[in-house]
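A.B. asks: here is a sequence together with a model predicted from it:
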Amino acid sequence: MKPSVTEINKLNPDSRREFLKNLLSGATTATVLMVYGPRILARPGADTRFWKEKSTEREWAYVIDINKCIGCGSCVRACKQENNVPATVFRTWVERYVITDEGVYVDSPDGALEGFEEVNAEIRDHAKTAFFVPKMCNHCAEPPCVQACPVGATFKSPEGFVLNDETHCLGCGYCVQACPYGARFINPEKHVSDKCTWCYHRVQNGKLPACVEACPNKARLFGDLKDPESEVARIFLEDKWMILKDMMHTEPYCFYIGLRREVL
Amino acid sequence: MDLPNDALVNYIYPNNAHVVWSLMIVIYPFITGLIAGAFVVSTLSHVMKIKDFEPLANFALIAAFCFGLFAGVPLLVHLGQPQRAFNIYFTPHTTSAMSVFGYVYGGYMILLAIEIWFVYREHFVRMANETRGMVKLLWSVLCLGVTTYHPDSGKVDRKFIYWLALIGIPWAFLLHGYVGFIFGSVKAIPWWATALQPIIFLSSAVVSGMAMILIMYIFMKWRNQTHYDYIMIKKFSAIMWGIFIIDWGLEMLELVHVWYRNDFDWTQIQPLISGPIFTSYVLGQILVLSLIPTIILAVVVLSKITGKIMMYLAVLASVLHVLQVLFMRFNVVVGGQSISKSGRGFVEFHWEVFGKEGMLTAILILAAPFVVYYLISRVLPVFEVKARDMGG
Amino acid sequence: MNKISPRSHLYQLGIVLVVFFTGFVVIRSYAVPASWNYNAWYRGDTLKDLKKLPLNYGGNESCKSCHEEVSLVEVVENQGEEEFVDEFEDEIEVENDEHTEAVMEFEHKSLNCESCHGPLITHAKGDEKIGDAIVMDKSNSQCMICHGQLISRPVDFPQFSEDVEKHKDLEEQTLCMKCHDPHDPIEEAELDEDEELLGDEL
């Protein structure tokens, strides 16, 4: 119980000083807890300057397992069909990395829309290791594209989806510049900015994103971090995830398993 | 080509195939730079009361306004949905460096228009009284109905001109400096992300504006067969020379700093400047178009040379300065996007001539302010009025 | 405006500016979308618009909902109407139950039906069939896009080089599907020699 002002005044000077001291330290502790508490409890560093309406019910996350990706491109094809993505741009794509003793070979022919042909003999003979890396919008907690959008066409939805309002977008392209992952593009048919939506329309209707649905080898997972039963929550708990370009402080919500340092 | 991060082949992200911000976004900061620069020239007399540059003051103000009319045009051409351009006024997202553009630009154009109105109001009043019919009506509208010039209002107007010019300086700097901030704040593009960017943009803007004003001034004096003010030209060149040295110093500081820092950014920038933009940046921007005009202006300023030779040298240096700044805009805008965010490759810039954002459009937009200036100079005594008006 | 003072033009200018800004404020108030979210700064109805987008892919669950006899029974049972099931069990149409197996048990059960058969939207609308779920490409490339030999693929994933070493006994190149059921490739395909493979409706 908080003593009233008159009660405080009734106290002798010493205990009043004591009380003020307690009050001060209490207030300091409370302030520190209020400011840093949620940050300590949340994902490390997940300060949400640009995620202004965070839902308390769900926290969607995407997991990509490098060890499982077979580079078939089913996800790319499914994404194109589900979202009517024009041929020259990609909401998701798959990169192939071949680490050789002379350097790093990376390619993504047509975004892996038709899968991959084997690399040429010269690269293959020098290969030390090789793998596929699916890429897409990272649905950052600190999305630089949302920060950059001059008119509020791009935003972070309460459930964590980074979305674009194609009826309000100017097509200025600032978000394209701001995204460190090359995940944003100007739709050549609609002349507005476009991006992966994590298939918002599917997820809100109880389905999985098309790429997750299409993946034959479970290299792509999608789920709610707040649901302890979900696979993504389990992976998160194991703390073996990695993120792309962490120095950019974008706080991605796409987590990679088995990501090698060569991947940029 | 030299490739970063041990890349064996040039790999760019599939969405990076094209440079999104092309020629339109190159000439946009160039034009806003000319506005800021020209405005600074007008304030040399209007605010700092430097008597030598009085002949330039109103002329530079009109020029700034003409450039200003077309600063937004390249943006409209570039936008995917130009009909929604006003969204930047309706729902400006304050976290975005770009969102203030609408208000800063619109406000600045209003300020310029009002300042010009004050400068030429006496002329408007005279014309409204001397003409008849529709023409009289137009002049009367420009006078806002007050078709009598009160003998005491000259003093009031001059006070307003002074204050508007004074507010105009930081405003012009904001208009252009923030363009630098738009680029400087993009952490995803190493060639852009530097806190020096706004200052570099600003100093180069002042150089380009001064150089352009000098070229236009001498051109018009030559066309009107009037005498050249060699002393003014020499003093003006001296200021331009000094500001360019600061500008070039800042550009070099940025480069040396990123080289010395030797972090991830340099792994991208080193191959960029030794490959895709070697010609336009190293040879063009920092060597030919910088060192030659600096040497020329050193001769103009430090030697006792005067007369036509001095003037021709000053004009030559000015042309090179304007080109240097245009190259700088190109190297920043296109150079930055040439670095694919894949970190292992460079995007090729395709020169377009007749495309929507091609060279032809760029040339038309760059030419338009001069056409408008010509039209304005038909109806406004750009040079004459002020000698009387400002003299008092 | 008969009396002209040294400042009368300033009042005129003031009126012009006030009219201009008032007009701007009025236009702006109409131009901002009604559902604008002033806290997170976006048009609130965007979420509704996006939610309404058509679902082209249904996912394997949607295939099962029509093609799996068992699931129909389960649905009713889950609703606690077991008597209803008992009564009408014989009348519930049993349709293509190999699809059930394909999704539930076969080797390729993790695959998305629509990856090969095409998106649901071309096949069914609600419970109505609107088009055949035809597999357009039955060539070997359909298999090799996943199972071709690539150094980048996980080593434990079954891969075959172009000449398919495991089939040395085969004298000429042939269709994988001739012997392998694409739903359950480990089992031999139950196909007759002369059965038409290309263009076959599944």
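C.D. replies: Cool, got the structure.

A.B. asks: all strands of the stretch 1-150 of chain B, in order?
C.D. replies: When secondary structure is read from DSSP state E, counting those that start in this stretch, the stretch 1-150 of chain B shows no strands.

A.B. asks: up against chain A, what does chain C have?
C.D. replies: Residues of chain C lying close to chain A by Cβ under 8 Å from any Cβ of the partner chain are C:33, C:36-37, C:39-43, C:46-47, C:49-60, C:108, C:110-112, C:114-115, C:119, C:145-146, C:148-154, C:157. C-beta here means a position set from N, CA and C on the backbone, and glycine is covered the same way.

A.B. asks: 6 Å instead, please
C.D. replies: Residues of chain C lying near chain A by Cβ under 6 Å from any Cβ of the partner chain: C:39-43, C:46, C:50-51, C:53, C:55-57, C:59, C:110-112, C:115, C:119, C:145-146, C:150-153, C:157.

A.B. asks: out of those, which sit inside strands?
C.D. replies: Taking DSSP state E as the definition of strands, these contribute C:42, C:43.

A.B. asks: the residues of chain C next to chain A: which ones sit near chain B?
C.D. replies: Residues shared between the residues of chain C next to chain A and the neighbourhood of chain B are residue C:41 [Cβ under 6 Å from any Cβ].

A.B. asks: buried among the residues of chain C next to chain A? Make that a ChimeraX selection.
C.D. replies: Applying 16 or more other Cβ atoms under 10 Å in any protein chain shown to those, the buried members can be selected in ChimeraX as follows:
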select /C:40,41,42,43,46,50,53,55,56,57,59,111,112,115,119,145,146,150,151,152,153
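
A.B. asks: now, the residues of chain C next to chain A that are in helices?
C.D. replies: C:46, C:50, C:51, C:115, C:145, C:146 (DSSP state H).

A.B. asks: dump those residues to CSV, plus pLDDT.
C.D. replies: Written out in CSV, the entries for those read as follows (pLDDT from 0 to 100):
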residue, pLDDT
C:46, 96
C:50, 96
C:51, 95
C:115, 89
C:145, 92
C:146, 92
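
A.B. asks: which one among those gets closest to residue A:200?
C.D. replies: For these, the closest approach to residue A:200 (Cβ to Cβ) belongs to residue C:50, at 4.9 Å.

A.B. asks: the closest one touches residue A:199, doesn't it?
C.D. replies: No: because the distance of 9.7 Å does not satisfy Cβ atoms under 6 Å, residue C:50 is recorded as not touching residue A:199.

A.B. asks: pLDDT score for residue C:127?
C.D. replies: Predicted confidence (pLDDT) at residue C:127: the value is 79.

A.B. asks: how many neighbouring residues does the nearest residue to it once chain neighbours are set aside have?
C.D. replies: Excluding the flanking residues, the one nearest residue C:127 by Cβ to Cβ, 6 or more residues apart in numbering or on different chains is residue C:66, at 7.0 Å. Applying other Cβ atoms under 10 Å in any protein chain shown, we find 18 other residues in the vicinity of residue C:66.

A.B. asks: just residue A:121 next, same as before
C.D. replies: With neighbours defined by other Cβ under 10 Å, the count for residue A:121 comes to 8.

A.B. asks: how about residue C:7?
C.D. replies: Each residue near residue C:7 was counted by other Cβ under 10 Å, and the total is 15.
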